[in-house]
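Student: using only what follows, build the 3D model:
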Amino acid sequence: MTIKVLAIDDSRTIRSLVQKAMHDAGFDCVCADDGIQGVAMFAQENPDVVITDINMPNLDGYGVIARIRGGVLNRTVPILVLSTESADHLKARAREAGATGWIVKPFDDDAIVSVVRRVTGARA
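Tutor: Okay, here's the model as predicted:
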């Protein structure tokens, strides 16, 4: 079974970097450029894990987490926050909203792949 990742970030560069890291690890990866598009793609793609930025136009990462957790489809999917932010209160807010984990940008390819494997139970 191939792991499917949904990456949501308003930065084209970050989306490309995440997509490359996921593809190099043998995962499928689809991308959205804001939270609204990401939530819509979540319903269409049924990913195994979501990686979302926090600061985005139209719908921020907290809104993405809330909509996924409050929806009817795959409400327990692992959601990883990928952000330049690292303040404890922001991490706590994400956890309270239902985030599974937090990764700080810039990220290391091996580290992000390792986290995706861990939260999805994928084999190395």
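Student: so who does Val30 touch?
Tutor: Contacts for Val30 (C-beta atoms under 8 Å, 6 or more residues apart in numbering) come out as Lys4, Val5, Leu6, Ala7, Met41, Glu45, Pro47. Bear in mind the C-beta positions are built from the backbone N, C-alpha and C, glycine included.
Student: switch the cut-off to 10 Å
Tutor: 4-8, 15, 19, 22, 38, 41-42, 44-45, 47 (C-beta atoms under 10 Å, 6 or more residues apart in numbering).
Student: out of these, which are inside strands?
Tutor: Counting by DSSP state E, the part of the contacts of Val30 found in strands is Lys4, Val5, Leu6, Ala7, Ile8.
Student: what about the strands in the chain?
Tutor: Per DSSP E, the chain carries strands over the ranges 4-8, 28-32, 49-52, 79-83, 101-104.
Student: output the contacting helices and strands for the first one.
Tutor: Right, the one you point to is strand 4-8. Strand 4-8 sits against helix 12-24, strand 28-32, helix 35-45, strand 49-52, helix 61-70, strand 79-83, helix 109-120, with contacts defined as 3 or more C-beta pairs under 10 Å, 6 or more residues apart in numbering; DSSP states H and E.
Student: 8 Å instead?
Tutor: Judged by 3 or more C-beta pairs under 8 Å, 6 or more residues apart in numbering; DSSP states H and E, the packing partners of strand 4-8 are helix 12-24, strand 28-32, helix 35-45, strand 49-52.
Student: ranking those by burial, who's on top?
Tutor: strand 49-52 (a mean of 28; mean count of other C-beta atoms under 10 Å).
Student: noted, bye for now.
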